[in-house]
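*Asks:* Sequence first, predicted coordinates after that:
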2 protein chains.
Amino acid sequence: MRDVTALESVDVTLELNAIIEDYFGRNAAKAEKISPYYGQLWQEMNRLVRSGGKRLRPKMTLLAYRAFGGTDIKAILPIAAAQELLHLSMLIHDDIIDRDYVRYGVDNIAGSYDKLYESLVSDKTDRLHYAHSAALLAGDLLISGAYQLTLESPVDPAKIIEIQKIFGRSLFEVAGGELIDTESAFRELGAIKAETVALYKTASYTFIGPLAVGALLAGASVEDRTLLRLFAKNIGIAFQLRDDIIGIFGDEQQTGKSTIGDIREGKRTYLVEQFYERATPDDIESFNRYFGDHSIGQQDAQIVKDLLIKSGALQKTEEVINAYETKARSALDGIAINPELEAQLEDLIRIATRRQQ
Amino acid sequence: MRDVTALESVDVTLELNAIIEDYFGRNAAKAEKISPYYGQLWQEMNRLVRSGGKRLRPKMTLLAYRAFGGTDIKAILPIAAAQELLHLSMLIHDDIIDRDYVRYGVDNIAGSYDKLYESLVSDKTDRLHYAHSAALLAGDLLISGAYQLTLESPVDPAKIIEIQKIFGRSLFEVAGGELIDTESAFRELGAIKAETVALYKTASYTFIGPLAVGALLAGASVEDRTLLRLFAKNIGIAFQLRDDIIGIFGDEQQTGKSTIGDIREGKRTYLVEQFYERATPDDIESFNRYFGDHSIGQQDAQIVKDLLIKSGALQKTEEVINAYETKARSALDGIAINPELEAQLEDLIRIATRRQQ
């Protein structure tokens, strides 16, 4: 997703990256004192966070903060940056669950440890297990790290506690979303709705949480925060539905991610749900021959893509994204914020729902 | 390990369990609203925490709190209980790393999900992977849950922040300890010292952190907290060395844990380190035939045990435990606390270093 343009003018990406860089640097040094092998894990995490990520969630916090009149950006930067650590922890653990080894177009933690351990552990299964173990610990450190980074903000401790409650809710919801998303690959059709997954796995910690944190820090009213939550929920679900489309139909060069992974994993996205509701029995039979099969190649994947288009599932998903977009805009209309920042939130809607990567 | 007896008089186990039970109950209800499958994960976590655990870490916090004159036990119970959630998160993730499926003599999270998914996922490798994924998320929830539970204490928010910093340090150290402990199974001999692992993997979050939290809450002086940390470090390392002995020579009936797991995993404990330093080349060759082999049975394990005794490694480890015990007692002597509670800390030394389970 391209950067939230309006925020670039204040060099906020650089400032956020400086805080993140400093956090990883300090911890790598502390880890090094325990063991060079532990220092290495922190270096790997630092490498990964440097390789990509648009700092979308921190920017969302800053956007909401400014939209509701907050002015002390510097004071809240550690809290904004903490959202990136939370996000990174979830990415790392999500990749373990999905058995993915590439992120941001480079090796993720498990991917790089698999190579690192190559000369040490000859058995491939054992090596992958140890690589996953390192990634597991990396994610744990970043969950705790997200909480720790909030403690570095000079805002009132009582407010930090309120913000941590939002963090806790985000993590609670994203873990639930992740669990049912994973189970949807093998539970009976219809048992888990893709829109529920999109709400809890994505909207919750990508949009609702970060925007709520910014609004709370700026002292927004309960009414405004309620409407902002509604805005965030709708934009967040639309964002995930777009992500599902990109996951299968996206340009690998642009996304830095394989488009075959979701097909191999048999992910029951909204797109796939719509396929099963619309396709002919013959087409469903063809589809099931490849969908969820870890051994398929690009040609088989193309058959799956063609069937998704033919059934009308892609078209339907696009329509539903539009509907969520309308609902997000309607919630936004009820909030009184300054026009310049309202335009940025409008921009955010377009970027989240119409993006190509 | 048997309960810290002196604290039983105030029914503290019941009170701690009530807080933990309430925490899981509330979250299971919230999770159920997202999806019954998510509710199930919380039920499984609740089942596990009910099946065992001596609430050692929370009791340690309460012990230090009372030792330094703290009186409002009720106010700090959520913070004490939070240490149990942190511990449980580490146990669940540790079991993933060790590929163990039993804890407290019952199925752990991965173990019960492996059974739960039996009718849904026929491929054994895939099923175990999904079971590990559920356990991964359970641990994540409890790391965040530990932080969340501290927020429920009515103590000053500024103090909660100080306590969370101790939590952060504990998690940072235990993750490092866990990483190097795992790597010690395949890194060259001597690259990772077992005493370093014992300090960071065990002493840190089992003794140092919980005692530091209690002392801080009671307003202990910096000097006393420094000596308490020294006490905790020594007792903690001794505790781990004892644990390594029990892990191989313990009574499975008493411990509820297989004694073959550590041998199969090839864990380079202090005991094993001492073996390699002392044993004859022939004995090392015999030892290596079984040690670290996942397919060995009880008879092979017995050969390993006999070699550990014959080499003098067991004897040496017992001596070193005694030395740590002496150092712990010496640190304790420098702290001025009331004699009744000093006796309890003395008791704690004996229990930690001489226990049979």
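*Replies:* Perfect, thanks for sending it.
*Asks:* where do the helices sit along the stretch 201-350 of chain A?
*Replies:* Assigned helices in the stretch 201-350 of chain A, in chain order: A:209-218, A:222-249, A:252-255, A:261-265, A:270-278, A:281-290, A:298-310, A:313-333, A:339-354 (criterion: DSSP state H, counting those that start in this stretch).
*Asks:* and among these, the most buried is which?
*Replies:* Stretch with highest mean neighbour count among those: helix A:209-218 (a mean of 26; mean count of other C-beta atoms under 10 Å in any protein chain shown). The way it works is simple: take the backbone N, C-alpha and C, and place the C-beta from them, glycine included.
*Asks:* contact partners of it?
*Replies:* Residues from elsewhere that reach helix A:209-218, judged by C-beta atoms under 8 Å, 6 or more residues apart in numbering or on different chains: A:57-58, A:60-70, A:76, A:79-80, A:83, A:155, A:159, A:162-163, A:166-167, A:169-170, A:224-225, A:228-229, A:231-232.
*Asks:* could you pick out which of these are near chain B?
*Replies:* By C-beta under 8 Å from any C-beta of the partner chain, the members of the contacts of helix A:209-218 lying near chain B are A:Phe167.
*Asks:* Just the buried residues of the contacts of helix A:209-218.
*Replies:* A:57-58, A:60-68, A:70, A:76, A:79-80, A:83, A:155, A:159, A:162-163, A:166-167, A:169-170, A:224-225, A:228-229, A:231-232 (16 or more other C-beta atoms under 10 Å in any protein chain shown).
*Asks:* Setting aside sequence neighbours, what's the nearest residue to whichever residue of the stretch 201-350 of chain A sits closest to chain B?
*Replies:* Ranked by C-beta to the nearest C-beta, the top residue of the stretch 201-350 of chain A for proximity to chain B is A:His294, at 8.8 Å. Using C-beta to C-beta, 6 or more residues apart in numbering or on different chains and skipping the chain neighbours, the partner closest in space to A:His294 is A:Arg264 (4.9 Å).
*Asks:* Equivalent analysis for A:Leu142, please.
*Replies:* Using C-beta to C-beta, 6+ apart, the closest residue to A:Leu142 is A:Ser89 (3.5 Å).
*Asks:* so how many other residues sit close to that neighbour?
*Replies:* By other C-beta atoms under 10 Å in any protein chain shown, 25 other residues sit near A:Ser89.
*Asks:* now swap in A:Ser295 and tell me
*Replies:* By other C-beta under 10 Å, 7 other residues sit near A:Ser295.
*Asks:* for chain A, which spans come out with low pLDDT?
*Replies:* For chain A, applying pLDDT under 70 flags the ranges A:1-10, A:256.
*Asks:* can you give me the strands in the stretch 101-250 of chain A?
*Replies:* Assignment of strands within the stretch 101-250 of chain A using DSSP state E, counting those that start in this stretch yields the ranges A:102-103, A:106-107.
*Asks:* any chance of these in CSV, with mean neighbour count too?
*Replies:* CSV is the format used below for these (neighbours: other C-beta atoms under 10 Å in any protein chain shown):
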stretch, mean neighbour count
strand A:102-103, 18
strand A:106-107, 17
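*Asks:* any idea how far B:Ile109 is from A:Glu273?
*Replies:* Between A:Glu273 and B:Ile109 the distance is 28 Å, computed by C-beta to C-beta, to the nearest Å.
*Asks:* Same question for A:Asn338.
*Replies:* 48 Å.
*Asks:* who has more neighbours, those two?
*Replies:* Neighbours were counted for A:Asn338 and for B:Ile109 using other C-beta under 10 Å; B:Ile109 has more, 28 against 12.
*Asks:* Am I right that the more buried one is in contact with B:Ala134?
*Replies:* Yes. When contacts are counted by C-beta atoms under 8 Å, B:Ile109 is listed as touching B:Ala134 (6.1 Å).
*Asks:* can you list residues touching both of these two?
*Replies:* The contact sets of B:Ile109 and B:Ala134 overlap at B:Leu41, B:Glu44 (C-beta under 8 Å, 6+ apart).
*Asks:* before we move on, the earlier item: residues touching the residue nearest to A:His294, list them.
*Replies:* So A:Arg264 contacts A:Gly292, A:Asp293, A:His294, A:Ser295, A:Ile296 (C-beta under 8 Å, 6+ apart).
*Asks:* Please apply the same query to A:Thr61.
*Replies:* If you count contacts by C-beta under 8 Å, 6+ apart, A:Thr61 has them with A:Ile76, A:Ile79, A:Ala80, A:Gln83, A:Pro210, A:Leu211, A:Val213, A:Gly214, A:Leu217.
*Asks:* Within the helices and strands, which one has the fourth one?
*Replies:* Spelled out, that is A:Gln83. Under the criterion of DSSP states H and E, A:Gln83 resides in helix A:73-98.
*Asks:* Now that helix: buried residues?
*Replies:* Buried positions in helix A:73-98, judged by neighbour count with 16+ other C-beta under 10 Å: A:76-98.
*Asks:* angle of that helix against helix A:209-218?
*Replies:* 160 degrees (axes from the mean of the first three to the mean of the last three C-alpha atoms, to 10 degrees).
*Asks:* For helix A:73-98, enumerate the helices and strands it packs against.
*Replies:* Packing partners of helix A:73-98 (3 or more C-beta pairs under 8 Å, 6 or more residues apart in numbering or on different chains; DSSP states H and E): helix A:12-34, helix A:36-51, helix A:56-67, helix A:109-116, helix A:124-150, helix A:157-183, helix A:209-218, helix B:124-150.
*Asks:* Thanks a lot, see you next time.
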